[in-house]
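**Q** Got a predicted structure plus its sequence, pasted below:
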Amino acid sequence: MPIENIFSGNPLDRCEIERRDENWIKIRSEDPSSKFLLILGSKVIVRDVGEIELLWFGIDDIQELDLEYHSVLLGMSNDVTHFVIDMPEVSEKSFPFEKFDGSVLLDARDVALELCSTDSGILAQSLAQLNWHRRNGFCSVCGQRTIVKRGGQKRECSACFIEHFPRVDPVIIMVISDGENCLVGQSKGRLASTNRYSALAGFMDQGETIEEAVSREIMEEAGIKVKNVRYYSSQPWPFPSTLMIGCHAEADTTEINMDSEEMTDVKWVDRKEVLLALDGKSETLNLPGPVAIAHNLLKSWATKNFD
């Protein structure tokens, strides 16, 4: 069975063929059966009625809100077309929540664990696409304004007509083991501010394989040589738009030579301490929660469930 991390499990057909027809997209965006997801920044409107689920709006709801918006096509399920809308910068108080039973605006990171896997996958696609559109309003070649095409699958320059497509940045994240110990690190910034350790990670470089990226990053951050790199699983991470590629590898050397410019600490921890930390019971080690692939990577190593 495939390993499912949070933000995976998107069930939508992304309409590769249908989205080539701009008229079809327009008709579907006005169809009473179509559904619309509303996102404000990194927050999403959900319904909380005992269980939390994505709140889908109809076109009548959207028109009644009287917003200036452009919908982005997500895909279809059971012949129902799904779109996402990037809401304008309005406060939560100005949105008429009382009209929609159980509706609430929540941060995507916080709500992801509460959503079913299909909803979290759709949320990842929505956030990643909107984040890309927010950053690509102008052409990187000539600087002129770009126009949304194919329901949001691309933007085209209004002047030089160069096509721009959404990008995904691959990041490798890996658990390195010498047998009964694994390597964890604390990078400067987010991890250091939360006093949390995690599996080491880094962006892939151009012209580099996954195995080469794992070896390079571990050498750069910890000064350790690795061998036997094995792929484990992957996770979309829509902050703003990365693909986390999880791997396991064995340590070929064990002496740490940390890059102090990037890391605040790198250390070996034993299996028992990792198991305690994953359950939130360790007094010395704080690890990422289940929303992150790092949690599942460390858990799979600690429970010897990754072969």
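**A** Yep, that arrived. Numbering: from 1, shown residues only.

**Q** which stretches of the chain form helices?
**A** 22-29, 59-65, 108-111, 117-135, 190-193, 210-222, 271-278, 293-302 (DSSP state H).

**Q** Ok, which of those helices comes nearest residue 254?
**A** Nearest to residue 254 among the helices of the chain is helix 210-222; the distance by Cβ to Cβ comes to 9.9 Å. In short, each C-beta sits where N, CA and C put it, glycine included.

**Q** Next, the buried residues of the closest one.
**A** Within helix 210-222, the residues scored as buried using 16 or more other Cβ atoms under 10 Å are 211, 213, 214, 215, 216, 217, 218, 221, 222.

**Q** Residue 297 - how many residues pack around it?
**A** A count of nearby residues for residue 297, using other Cβ atoms under 10 Å, gives 27.

**Q** gap between it and residue 278?
**A** Note on residue 297: its distance to residue 278, by Cβ to Cβ, to the nearest Å, is 11 Å.

**Q** again, but for residue 97
**A** Taken as Cβ to Cβ, the span from residue 97 to residue 278 is 36 Å.

**Q** higher neighbour count, those two?
**A** residue 278 (20 against 15).

**Q** How much space separates the more buried one from residue 264?
**A** Look at residue 278 and residue 264: by Cβ to Cβ, they are 21 Å apart.

**Q** By mean pLDDT, which helix or strand of this protein comes out lowest?
**A** helix 190-193 (a mean of 82; mean pLDDT, DSSP states H and E).

**Q** And that one, what's buried?
**A** Buried, per 16+ other Cβ under 10 Å, within helix 190-193: residue 191.

**Q** How about stretch 13-32?
**A** For stretch 13-32, the neighbour count (16+ other Cβ under 10 Å) marks 13, 15, 18, 19, 24, 25, 28, 29 as buried.

**Q** now do stretch 176-196
**A** Using 16+ other Cβ under 10 Å as the burial criterion, the residues of stretch 176-196 that qualify are 176, 177, 181, 182, 183, 184, 185, 186, 187, 191, 196.
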